[in-house]
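Participant: with the input below, show me the fold.
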Amino acid sequence: MSDYVWASDALTGSYHDFAGDIYFQGADAIKQAQKCVARSSYGYPLSREDIPKRTFAEKNNPRKLNHFNVVGFFLVSPEVADVLRQVDLGQGGLYETQFFKQDQVTPLHYRHMYWDIGNQKESFLADASPKADQTTAPRDWPERDRARTRRRHSDWQDDDLALSADALIGPDTWVEKCFRGSFFISDRLARMLRAEGLDRDFNLKRCRILG
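Facilitator: Have a look, this model is predicted:
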């Protein structure tokens, strides 16, 4: 078993040339979509009904989708999806969507899928990660959790973050409850992505495992 895992800051990026159908269904639907995205960012699993079934280009000539894209929700290429299917996704999942041009009628032949991480762990060690920046946490959290909530530094590097051995247990993809702006993957998954040349969009940073 590897003695490290990997953190990705890919979720802090954005890709504005596509948007799910939910964002075109009025103010209430947009608010609900924003709540779903927020829940997902904390590692809470979403249902099929929360995920856009259709995805629309917002420009006449949209930029080509990458292997990993943030359009509120996460979109991954079929190549990344194939790798994700080979690991333990826990309560997370992959969801098909149909793509259309800006007119919302003409099909686009993308096969990207939405990816909901859907897992949360509590293995981040704030005291052993001094280069992580302190940040806010929900007011209803216990004071202990609020005090140890961090986010990545703008110039973060390999080994800046430390996690307990609990990170090695359970799903291969997760969000740390007390670390914002990143998600985490196992070394097994990182090696699989790297072997297929799919890791670049994830901007992975190695994390130390202590204990």
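
Participant: burial measure for S77, as a count.
Facilitator: Residues lying near S77 (other Cβ atoms under 10 Å) number 19. Placement of C-beta: from N, CA and C, glycine included.

Participant: neighbours of the nearest residue to it once chain neighbours are set aside, how many?
Facilitator: The spatial neighbour of S77 that comes closest, neighbours along the chain excluded (Cβ to Cβ, 6 or more residues apart in numbering), is H67 at 4.4 Å. Burial of H67, expressed as a neighbour count using other Cβ under 10 Å, amounts to 22.

Participant: and Y110, by the same measure?
Facilitator: Other residues within reach of Y110, judged by other Cβ under 10 Å, total 19.

Participant: wasn't it part of a strand?
Facilitator: No - in this structure, Y110 is coil, not part of a strand, as judged by DSSP: H, G, I helix; E, B strand; the rest coil.

Participant: residues contacting it?
Facilitator: For Y110, the residues meeting the contact criterion (Cβ atoms under 8 Å, 6 or more residues apart in numbering) are 55, 65, 99.

Participant: out of those, which is nearest to Q134?
Facilitator: The shortest gap between Q134 and any of the contacts of Y110 belongs to L65, at 34.6 Å (Cβ to Cβ).

Participant: where's A33 relative to S40, distance?
Facilitator: Between A33 and S40 the distance, using Cβ to Cβ, to the nearest Å, works out to 10 Å.
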